[in-house]
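Colleague: Turn this into a model:
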Amino acid sequence: MSVTKNTIGVCAILFMLLSLQSCGAKRSPVEQLAARLNDVPEYTIILDDMQTGGAIFKQYYHKYKVIIGDKANYTGWERTSEPFYRQNENYLGMALLSKTEEGYVTKSASPPGFQYVGNSRYGEWRTDSSGNSFWAFYGQYMFMSHMFGMFNRPVYRNDYNTYTEYRNSNRPYYGRNNQFGTNGTITKQTHKNFFERKMAKQKMAKRSFKDKVGQRIGRSRSPFRSRGGGFGK
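Modeller: Predicted coordinates:
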């Protein structure tokens, strides 16, 4: 887990370049990040936020949290294509791409930090008072629990075993109780801002719909109709 300050500094510059180049780029923002982090021994790219914009021509945006060593880096809003946005819209808060120091790259969406579980270099399996086997990071890597939000949600061996099955078949893994991803219970707690924006947008859309209906009803009460009724009398 040895990442020098110089390396991190170079990465920060690369993030700035990425922000300037992302619009109109053919490769997805994640592919661009991965290309620029090619010389970094290990990192994790997490989908940190997403939103759409534009009334007539819709635009799609992502924000990413990139963990390098013991540092968390954040990108600004990166414009994506609609297919890439749709492809990842269920993965809020999940790791989209990760690379370990051994060079192992995982491209299937998964809960952040799972790529380090089961690696004896970073921790070991222990047994709790109920006989359940769970993963514990060694003291020098305890920061990973905080970096990946794992300190209050231990990873049990059966959960990890299921994760490896999904990873090996290149399928997204949402946790044994589907608690990760955009519809996950944990994500609703950790990404409140996203859900508050979504709710506000839905309320605005409903209000707009009501206003349109009201305008149509108003137009249907035409003065000509009243006058027409008068002729029939």
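
Colleague: Give me the buried positions along stretch 187-198.
Modeller: By 16 or more other Cβ atoms under 10 Å, the buried positions in stretch 187-198 come out as 187, 191, 194. C-beta here means a position set from N, CA and C on the backbone, and glycine is covered the same way.

Colleague: quick one: contacts of it?
Modeller: Contacts with stretch 187-198, where a contact means Cβ atoms under 8 Å, 6 or more residues apart in numbering, come from 48-51, 92-93, 149, 179-181.

Colleague: Restrict those to the buried ones and give me that as a ChimeraX selection.
Modeller: Entered in ChimeraX, the line below selects the buried ones among the contacts of stretch 187-198, by 16+ other Cβ under 10 Å:
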select :48,49,50,92,93,149,179,180,181
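
Colleague: and of the contacts of stretch 187-198, the nearest to V66?
Modeller: Within those, the smallest distance to V66 is 9.1 Å, found for D48 (Cβ to Cβ).

Colleague: was I right about that closest one contacting K65?
Modeller: Yes - using Cβ atoms under 8 Å, D48 and K65 qualify as a contacting pair, with a distance of 4.1 Å.

Colleague: Output the buried residues of stretch 187-198 in TSV; the columns should cover distance to W125, pLDDT and secondary structure.
Modeller: Output for those, formatted as TSV (distance: Cβ to Cβ, whole Å; pLDDT from 0 to 100; DSSP: H, G, I helix; E, B strand; the rest coil):
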residue	distance to W125	pLDDT	secondary structure
T187	26	95	helix
H191	30	94	coil
F194	34	96	helix
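
Colleague: among the contacts of stretch 187-198, which one has the lowest pLDDT?
Modeller: Among the contacts of stretch 187-198, G149 has the lowest pLDDT, at 84.

Colleague: check contacts around that residue.
Modeller: By Cβ under 8 Å, 6+ apart, the neighbours of G149 are 112-113, 186, 190.

Colleague: Got a quick PyMOL command for the buried subset of these?
Modeller: A single PyMOL command selects the buried members of the contacts of G149 (16+ other Cβ under 10 Å):
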select buried, resi 112+113+186
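
Colleague: that older thread, turn the buried residues of stretch 187-198 into JSON lines, columns for distance to T44.
Modeller: Listed next are these as JSON lines, based on distance: Cβ to Cβ, whole Å:
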{"residue": "T187", "distance to T44": "16"}
{"residue": "H191", "distance to T44": "17"}
{"residue": "F194", "distance to T44": "19"}
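
Colleague: how much space between K206 and A200?
Modeller: Distance of K206 to A200, given as Cβ to Cβ, to the nearest Å: 11 Å.
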